[in-house]
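With the input below, show me the fold.
(one chain, ligands or ions: 1)
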Amino acid sequence: MAVTAPLQEGQPEGENPLTEGLERLPVPPTTLVIFGATGDLARRKLLPALYNLAHDGALPERFQLVGVARKERAHEDYRAECEEAIRAFSRRPPDADVLKGLLENVRYVAGTFDDASAYRTLGQTLDDFERDAGEVLNRAFYLSTAPSFFPVIVRQLGSSKLAHHEHAAVRLIVEKPFGTTLKEAQELNQTVLSIFDESQVFRIDHYLGKETVQNLLAFRFANGMFEPLWNRNYIDSVQITASEDLGIGSRAAYYDRSGALRDLIQNHMLQLLCNVAMEPPVNFTAEEVRNEKVKVLLAVPQPTAEAISEMAVRAQYGPGHAGGEDVPGYLEEQGVPADSTTETFAALRLEVDNWRWAGVPFYLRTGKRLARKITEIAVTLKPVPHLAFSQSGSLGVRPNQLVLTIQPNEGVSLSLGAKIPGTRMIIRPVKMEFQYGTTFLSQSPEAYERLITDVMRGDATLFTRDDEVEAQWRICDPIVSSWAALPGPLPKYLAGSQGPEEAEQLLLADDRWRAI
Ligand code: BG6
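Numbering: from 1, shown residues only. Sure thing, here's the model as predicted:
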């Protein structure tokens, strides 16, 4: 069954209680400073997101951008680089006037991140903007550099007196990864919070900016239908998959020191788990939503050394066939040491040990070079208690399954048992489906568009709080250390396949991995 567009004609915007008050917050005048202004993230995501916000008229009327990077460049040269990045990566072809308007407000500051004089030039540039504008602008500093520079930049912002402003809001945006262990995350939090107040800090997890991830909360808390079933009495298991068909590309230097657990599970996948498992917050403010998520993370028992081999599996892709071509295995990728023990696949079986979820397995699975790219959450209900049909009629009766597809083909599908037309009572599963594309007929904004606007508005709901990021590491840290202590080589899976056989070991009772 297809669902038709749910918005009533003439329904005023902002009537949705989930977002009431938030959507209408204005976007105040802001200067955004990107550290690492010529890096991959800035080029592929941040600049195109800014362009698309400008295209939608969603940037504040007065918006300035300052790029900071090591190499000397004229403002003009940096503007040309921004234009080239936007042309290459924007989700829509750029409109000449919009692009010109955006680029006019772009400046460049050269300097190494530990060089105090670069911060003096930066401060001067920000003051000049304000003098020209005749008003104060809020300031947002975006750390889009290699993570080792995060504390360096934060300290320099502190010592150059840029972290606070008497008349304007100053915000700090920190990209992932936020530490590579619990200890590092704690140290980074300490450094950041010795200079900034937590209310100024926006830790990015771009999954939270995805429309479909936000829709998870709408799905759960704007519908009376599922919430009564959303607990251990009716739900048998939850399976969260984030599979990718691509390999590591040119990111060996980063990826080989990270691996699948740190790259996707510690952040994005635990956020998905939180959105599935959290209690309804009292309201949708940043504090209440994040309080509920932290409670979920703290309810996940910290893996003990003995339990890890039972509840966590890792593997590496070998050579295979993907995307219509033969591809090398992980160990043959450029830049990867031939004896690397970095996992490109990780799967966990977790439990959320609280009143609502005790005993329900939460399976998490992610990997590079799997059969296809799909991110989904599959919630399997318990089987019906009794089958009154004849034996042959009962064969097609399966537990109901609700699948929330985060990407691609974003949507929701519910499997039901239905009678096959005919003279006998024979049942088979059918699907009721809602798809974003056909229902709303509009292109969703990129996650970074939403997140950058939220920072400018000062709304931290979709960002990870200090205790939240530490609670995520609390779960992953013992697995990271246990794996680091084990010798290689790792179990292998064929590139382009469903993943390693070893992943089957995690499944309880009749559970099965869904096909990727
Ligand atoms: C990033 C990881 O955080 O998320 C990448 O570093 C991964 O390795 C990416 O490919 C996946 O994001 P998305 O939005 O494509 O699902």
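
For the residue nearest to Ala503 when sequence neighbours are not counted, I want the exact helix or strand it lies within.
Nearest non-adjacent residue to Ala503, counting by Cβ to Cβ, 6 or more residues apart in numbering: Ala347, 4.6 Å away. For the C-beta atoms, the positions are set from N, CA and C on the backbone; glycine is no exception. Following DSSP states H and E, one finds Ala347 within strand 345-351.

picking up where we left off before, please name the bridge partners of the residue nearest to Ala503.
Beta-bridge partners for Ala347, by DSSP bridges, are Val313, Arg365.

next one: Thr380
Per DSSP bridges, the residues bridged to Thr380 are Ser237, Gln401.

Near it, how many other residues are there?
23 (other Cβ atoms under 10 Å).

swap in Thr341?
Around Thr341 there are 16 residues (other Cβ under 10 Å).

OK, contacts around it?
The contact partners of Thr341, by Cβ atoms under 8 Å, 6 or more residues apart in numbering, come to Trp483, Leu486, Pro487, Gly488, Pro489, Leu490.

Am I right that it falls within a strand?
No. Judged by DSSP: H, G, I helix; E, B strand; the rest coil, Thr341 forms no part of a strand; its state is coil.

how near is it to Pro487?
8 Å (Cβ to Cβ, to the nearest Å).

so which two of the contacts of Thr341 are the farthest from each other?
Trp483 and Pro489 (12.9 Å; Cβ to Cβ).

higher neighbour count, those two?
Higher neighbour count among Trp483 and Pro489: Trp483, with 18 against 10, using other Cβ under 10 Å.

wait, what's in contact with Leu272?
By Cβ under 8 Å, 6+ apart, the contact set of Leu272 is Tyr207, Val213, Leu216, Ile240, Ala242, Thr375, Ile377, Ile406.

Quick check: the gap between it and Lys431.
Counting by Cβ to Cβ - Leu272 and Lys431 are separated by 22 Å.

ok, of the contacts of Leu272, which one's closest to Thr464?
Using Cβ to Cβ, the shortest approach to Thr464 within the contacts of Leu272 belongs to Tyr207, at 10.4 Å.

Setting aside sequence neighbours, what's the nearest residue to that closest one?
His268 (4.1 Å).

Is Gly67 bridged to anything, and to what?
Using DSSP bridges, the bridge partners assigned to Gly67 are Ile34, Tyr108.

what's the helix or strand encompassing Lys295 packed up against?
Taking DSSP H and E as the criterion, Lys295 maps to helix 286-299. Contacting helix 286-299 under the criterion 3 or more Cβ pairs under 8 Å, 6 or more residues apart in numbering; DSSP states H and E are the following elements: helix 270-277, helix 466-485.

what sits up against it?
270-271, 273-275, 277-282, 352-354, 357, 459-461, 463-465, 467-468, 471-472, 474-475.

Buried only: go through those residues for me.
270-271, 273-275, 277-278, 281, 352, 357, 459-461, 463-465, 467-468, 471-472, 474-475 (16 or more other Cβ atoms under 10 Å).

all strands for the stretch 101-250 of the chain, in order.
Per DSSP state E, counting those that start in this stretch, the stretch 101-250 of the chain carries strands over the ranges 106-110, 138-143, 170-174, 201-203, 235-243.

The ones you listed into CSV, with extra columns for mean pLDDT?
Formatted as CSV, these follow (pLDDT from 0 to 100):
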stretch, mean pLDDT
strand 106-110, 97
strand 138-143, 98
strand 170-174, 98
strand 201-203, 98
strand 235-243, 98
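
right, and these - which one's nearest the ligand?
Closest to the ligand of the strands of the stretch 101-250 of the chain is strand 235-243 (Cβ to the nearest ligand atom; 6.5 Å).

residues near the residue of the chain found nearest the ligand, how many?
Nearest to the ligand, among the residues of the chain, is Asp263, at 4.8 Å (Cβ to the nearest ligand atom). Using other Cβ under 10 Å, Asp263 has 24 other residues around it.

That one and Ala312, how far apart?
Taking Cβ to Cβ, one finds Asp263 at 15 Å from Ala312.

what does Ala252 give?
24 Å.

for Gly101, same thing?
From Gly101 over to Ala312 the distance is 50 Å, taken as Cβ to Cβ.

Among those two, which residue is more densely surrounded?
Ranked by neighbour count (other Cβ under 10 Å), Gly101 and Ala312 place Ala312 first, with 24 against 13.

What residues does that one make contact with?
Each residue near Ala312 by Cβ under 8 Å, 6+ apart is listed here: Pro303, Ala346, Ala347, Leu348, Arg349, Ile479, Ser482, Trp483, Leu506.

Quick one: neighbours of the second one, just the number.
What that stands for is Ala346. A count of nearby residues for Ala346, using other Cβ under 10 Å, gives 27.

Would you map the strands across the stretch 301-450 of the chain?
312-322, 325-327, 345-351, 361-367, 374-381, 401-407, 411-419, 427-435.

need those strands in TSV with distance to Val109 and mean pLDDT, can you?
Compiled in TSV, the strands of the stretch 301-450 of the chain are given as follows (distance: least, Cβ to Cβ, whole Å; pLDDT from 0 to 100):
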stretch	distance to Val109	mean pLDDT
strand 312-322	41	96
strand 325-327	41	94
strand 345-351	39	98
strand 361-367	38	98
strand 374-381	37	97
strand 401-407	36	95
strand 411-419	44	94
strand 427-435	45	94
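
In this structure Lys419 contacts Met425, no?
Yes. Applying Cβ atoms under 8 Å, one finds Lys419 in contact with Met425, separated by 6.2 Å.

Between its first and last residues, how far does stretch 502-516 reach?
16 Å (Cα to Cα, to the nearest Å).

Let me know how buried the nearest residue to Ala140 once chain neighbours are set aside is, in neighbour terms.
Setting aside the residues directly before and after it, Ala140 is nearest to Arg171 in space (Cβ to Cβ, 6+ apart), at 4.5 Å. Residues lying near Arg171 (other Cβ under 10 Å) number 22.

Test my guess that Arg171 contacts Asp454.
No. Using Cβ under 8 Å, Arg171 makes no contact with Asp454, being 10.3 Å away.

Which residues are in contact with each of the two?
What both Arg171 and Asp454 touch, as defined by Cβ under 8 Å, 6+ apart, is the set Phe202.

mind listing what Lys176 touches?
Residues in contact with Lys176 (Cβ under 8 Å, 6+ apart) are Arg203, Ile204, Asp205, His206, Asn267.

residues from the stretch 101-250 of the chain in reach of the ligand?
Residues of the stretch 101-250 of the chain that fall close to the ligand, judged by Cβ under 6 Å from any ligand atom: Lys176, Glu244.

sorry, back to before: any chance of the strands of the stretch 101-250 of the chain in TSV with distance to His164 as columns?
Shown next, in TSV, are the strands of the stretch 101-250 of the chain (distance: least, Cβ to Cβ, whole Å):
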stretch	distance to His164
strand 106-110	20
strand 138-143	10
strand 170-174	6
strand 201-203	13
strand 235-243	38
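
and the residue nearest the centre of the chain, how far is that from Gln407?
Nearest to the geometric centre of the chain sits Tyr207, at 2.0 Å (Cα atoms, centre = their mean). The gap separating Tyr207 from Gln407 is 10 Å, by Cβ to Cβ.

On the pLDDT front, check Pro487 for me.
Here the pLDDT value assigned to Pro487 is 84.

so what's Ile248 up against?
Contacts of Ile248 (Cβ under 8 Å, 6+ apart): Tyr255, Asp256, Tyr330, Glu333, Val336, Thr344, Lys368.

pLDDT wise, what is it at?
We have a pLDDT of 93 for Ile248.

do Gly123 as well
Among the per-residue scores, Gly123 holds a pLDDT of 97.

so how far is Asp114 from it?
16 Å.

Show me which of these two is the more surrounded one.
Counted by other Cβ under 10 Å, Gly123 and Asp114 do not tie: Gly123 has more neighbours, with 15 against 12.
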